[in-house]
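Colleague: sequence first, predicted model second:
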Amino acid sequence: MVMTGGVPDVITYNMFIGGLCRKRHLSAAVDVLEGMSLSGCPPDIITFNTIIRAMFDHGKFDEAVDFWKDQLRKGCPPYVITYTILIELVCQHIGVARALEIMDDLAVEGCYPDLVTYNSMVNLTCKKGDYEDTSLIVCNLLSRGMEPNAVTYNTLLHSLCTYGCWEEVDEILVFMNETSNPPTVITYNILINGLCKHGLLDRAIDFLVEMISHDYCPDIITYNTLLRALCKEEMIDEAVEILRWLGDRGFSPTLITYNIVIDGLAKLGFMEKTMEVYACMVERGPRPDDVTYRCLIWGFCRADLVGEAIELLHAIGSNSRRRIRENCYRFLIHRLCQMKEVDSAVRVVEMLTSSRSKYKPASCSNIVQGIYSSGMKDEATELQQKLIEKKLFK
C-alpha cells in the first residue's frame, strides 16, 4: 500500500498487528506500532490493548507491563481502558499483590486507576471467593481518596450471597446505609435471589417488605425470583398471598409472573387455587398465553380432572385469538386413553382438527402410533377405529 502511494489507516494497522500477534510475532507487532506515528497514523487504544493481551496470552507478563510503561514515557495518553485491561490481566495471571505494586509504579508515570478499574479487580477476586484480596483492593481504593460505588457493593454482595456469608452481608448493608450509596433495587434483587437459592425464603420475604417500605419499587426480577422459589419449596399460600399483595398495592404482575405461580400450583395438584389465580389473571390482565393453558391442562391431567381439561380446551377453541400447541392435545388424549375413556379422546382429537385450519390427517396416525408404542395397544386400536368412523384417520 505504501509503495503505491497509499497510507494505511489505523484500522488496517490494527488488523495487521492483530495478525502478527496471533502468529506469535510480538516483536514485529511492536515494531509496526513504533512505526505508526512516523507514518502519520498514531496507534489507538485497540492497538495497545491487542499487543498487551497477546503478551499475556504468551506468558510475557513483565514484558507487557514494561511495554505500557515505555509507551507512557513516549507520550502515549494514559488510557484508563488500557490501564484497566493491564491490571485485570496482572490480577488473573500474577496476583492482586503484584497488581497493586504495578499500580503504584504506573502512578509515577502519570497513569491512575478509576472506579471501573477497582470494580473489575473486585469482580475477579469475588468470583474466586478470595475476600482477603478483595479487602486489599478496597483498602487501596480508599487510600487514593476514592469511595466504593453501588457496583462495588453489589458485586461484593453477590459473591457473599453465593457463598452464604450472611453475617458479612449484614455488615455491608449497614455500611451502605451509612454512605451515599444506599441499597438499590438491584441490591435487593441480589439479596433476594441469593437467599432464595439457599432456601432462606422467610428472610427473602422480609427483604421484599423492607424494599417496599423504603419506597423502592420491585421489578419483574424481584417478584419472579421470589415466587419461583416459593413454588419450588411448596410454600403455596405464601406465593398466592404475595401475588395478591402485589396486585392490591398497584404493582402489575406480568404474564411470566402469573405463569410461574400457575405452573407451581398445577404441578403440586392444587387446581382449585390454580384456577383462582387464573381467574384473577383474566380479570386484571395480562391475557393468558399458550404456556398458561399448557400448565392448566397438564395440571388437570395430573390431578385426574380430565373433564375440566376438556372444558378448558373447548373454551380456548371457541376463541379465535387463543391457540394452544398440539402437544397439549396429545398429552390429554394419552391421559384419556390411560383412563380408558376413548370416546373422550376422540372428542379431543375432533377439537384438535377443528382448531387447525391446515391440520394434517397424518397427525392422527402419529397420535395413535404414540399410544400404541406406550403399551396401550387395545386403546390405540379402538381409538383408530373410532377415528376412521369419524373420517379423521387415513
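Modeller: That came through, no problem.

Colleague: for residue 380, which non-adjacent residue is spatially closest?
Modeller: Leaving aside its chain neighbours, residue 380 sits nearest to residue 372 (3.7 Å; criterion: C-beta to C-beta, 6 or more residues apart in numbering). Any C-beta I mention is one placed from the backbone N, CA and C, and that applies to glycine too.

Colleague: burial of that neighbour, as a residue count?
Modeller: Neighbour count of residue 372, defined by other C-beta atoms under 10 Å: 17.

Colleague: so residue 132, which of the three states?
Modeller: helix (DSSP: H, G, I helix; E, B strand; the rest coil).

Colleague: coming back round to it: hmm, the residue nearest to residue 380 is touching residue 383, no?
Modeller: No. Using C-beta atoms under 8 Å, residue 372 makes no contact with residue 383, being 9.1 Å away.

Colleague: all helices for the stretch 251-394 of the chain, in order.
Modeller: 255-267, 271-284, 290-302, 306-317, 326-338, 342-354, 362-373, 377-389 (DSSP state H, counting those that start in this stretch).

Colleague: distance to residue 178 and mean pLDDT added to the ones you listed, as CSV?
Modeller: Listed next are these as CSV, based on distance: least, C-beta to C-beta, whole Å; pLDDT from 0 to 100:
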stretch, distance to residue 178, mean pLDDT
helix 255-267, 34, 93
helix 271-284, 40, 90
helix 290-302, 45, 90
helix 306-317, 54, 85
helix 326-338, 54, 87
helix 342-354, 63, 86
helix 362-373, 64, 84
helix 377-389, 70, 88
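
Colleague: let me have these in TSV, extended by distance to residue 162.
Modeller: As requested, the helices of the stretch 251-394 of the chain are arranged in TSV below (distance: least, C-beta to C-beta, whole Å):
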stretch	distance to residue 162
helix 255-267	23
helix 271-284	32
helix 290-302	30
helix 306-317	41
helix 326-338	36
helix 342-354	46
helix 362-373	43
helix 377-389	50
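
Colleague: list the buried residues for stretch 234-247?
Modeller: Within stretch 234-247, the residues scored as buried using 16 or more other C-beta atoms under 10 Å are 235-236, 238-240, 242-243, 246.

Colleague: point to the residue nearest the middle of this protein.
Modeller: Taking C-alpha atoms, centre = their mean, the centroid of the chain lies closest to residue 221, which sits 10.0 Å from it.

Colleague: show me the contacts for the spatially closest residue to it that is not a sequence neighbour.
Modeller: Among residues not flanking residue 221 along the chain, residue 189 sits closest, at 5.0 Å (C-beta to C-beta, 6+ apart). For residue 189, the contacting residues are 219, 221-222, 225, by C-beta atoms under 8 Å, 6 or more residues apart in numbering.
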